[in-house]
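Colleague: Got a predicted structure plus its sequence, pasted below:
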Amino acid sequence: MPTGIFILLLMLFLGGVFRLSSFNREQELTLTKQAIRKAVVQCYAIEGMYPAELSYLEDNYYLRIDYDQYYVMYDCIASNFMPEIEVFER
């Protein structure tokens, strides 16, 4: 009987850990996308144009992206239109 309770408690604990881990990954993905958008808007406010390349933000606005963890789609049509930004987990 005590073994069954221990196994049940262990399963509940592990389930909670996995849910928390999934929540953290979703939060990191959201924060990465928000950081990119913030850098894009900051660049537009300071320079009056949206950057054509994501690397410009990394070089000039201290944006850091973990490319081992995320794939970023950055599509800038013109310097006066907000770029389309998508972030995906690898």
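Modeller: Ah, there it is.
Colleague: Now do the strands in this protein.
Modeller: Counting by DSSP state E, the segments of the chain that form strands are 70-75, 84-89.
Colleague: What is the last one packed up against?
Modeller: Same thing as strand 84-89. helix 2-47, strand 70-75 (3 or more C-beta pairs under 8 Å, 6 or more residues apart in numbering; DSSP states H and E). (C-beta placed from N, C-alpha, C; glycine too.)
Colleague: I'd like these as a markdown table, with mean pLDDT and distance to residue 57 appended.
Modeller: Rendered in a markdown table, the data for the helices and strands packed on strand 84-89 read as follows (pLDDT from 0 to 100; distance: least, C-beta to C-beta, whole Å):
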| stretch | mean pLDDT | distance to residue 57 |
| --- | --- | --- |
| helix 2-47 | 81 | 4 |
| strand 70-75 | 95 | 9 |
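Colleague: With mean neighbour count and distance to residue 64 as extra columns, can I get those in JSON lines?
Modeller: Output for the helices and strands packed on strand 84-89, formatted as JSON lines (neighbours: other C-beta atoms under 10 Å; distance: least, C-beta to C-beta, whole Å):
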{"stretch": "helix 2-47", "mean neighbour count": "12", "distance to residue 64": "8"}
{"stretch": "strand 70-75", "mean neighbour count": "13", "distance to residue 64": "11"}
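Colleague: Using CSV, lay out these together with distance to residue 87.
Modeller: Formatted as CSV, the helices and strands packed on strand 84-89 follow (distance: least, C-beta to C-beta, whole Å):
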stretch, distance to residue 87
helix 2-47, 4
strand 70-75, 5
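Colleague: looking at these, which is closest to residue 59?
Modeller: Shortest separation from residue 59 across the helices and strands packed on strand 84-89 is recorded for helix 2-47, at 11.0 Å, computed as C-beta to C-beta.
Colleague: give me the number of residues near residue 61?
Modeller: Residue 61 is flanked by 16 other residues according to other C-beta atoms under 10 Å.
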